[in-house]
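Colleague: Curious how this folds, go ahead:
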Amino acid sequence: EVQLVESGGGLVQAGGSLRLSCAASGFTFGDYTIGWFRQAPGKEREGVSCIEISDGGTYYADSVKGRFTISSDNAKNTVYLQMNSLRPEDTAVYYCAAEVNMLCDPNEYDYWGQGTQVTVSS
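Modeller: Coordinates of the predicted model:
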């Protein structure tokens, strides 16, 4: 059974940092792309950052480039999202998702975690 478990969300002031973790199990980690997506109230889910585990290729949304860093620990089957210089507009529920060799389009992902809330106060 595929499982994705997010952790690390919370409340932080603008300019602060958080690190999200996505622990994966139930599939061959190296065959997949793992993505971080977010959904704010009243908005569509959007791709934040994705990493192809096999070669480490990454994608970042323009809104987070230079502030967020995605990485993976293949020994732990875990993907991280380091979020620095957080802004109130980063407030959302953050989800990790997995799919085989996919781009960072949430409509293409079948396996999802339960989400973790990130709230950035001004």
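
Colleague: Can you name the residues that contact the residue nearest to the spatial centre of the chain?
Modeller: For the chain, the residue nearest the mean C-alpha position is W36 (2.1 Å; C-alpha atoms, centre = their mean). For W36, the contact set (C-beta atoms under 8 Å, 6 or more residues apart in numbering) comprises 20, 22, 47-50, 70, 79, 81, 94-96. C-beta coordinates here come from the backbone N, C-alpha and C atoms, glycine included.

Colleague: Equivalent analysis for G26, please.
Modeller: By C-beta under 8 Å, 6+ apart, the neighbours of G26 are 1-3.

Colleague: need the contact list for the closest residue to N84 other than its chain neighbours.
Modeller: Nearest non-adjacent residue to N84, counting by C-beta to C-beta, 6 or more residues apart in numbering: S17, 4.7 Å away. The neighbours of S17, taking C-beta under 8 Å, 6+ apart as the test, are 82-86.

Colleague: Select only the buried ones of those residues in PyMOL?
Modeller: Buried subset of those, written as a PyMOL selection, criterion 16 or more other C-beta atoms under 10 Å:
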select buried, resi 83+86
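
Colleague: okay, the contacts of S17 in CSV with distance to P106, pLDDT and secondary structure next?
Modeller: Listed next are the contacts of S17 as CSV, based on distance: C-beta to C-beta, whole Å; pLDDT from 0 to 100; DSSP: H, G, I helix; E, B strand; the rest coil:
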residue, distance to P106, pLDDT, secondary structure
Q82, 21, 98, strand
M83, 18, 98, strand
N84, 23, 98, coil
S85, 24, 98, coil
L86, 21, 98, coil
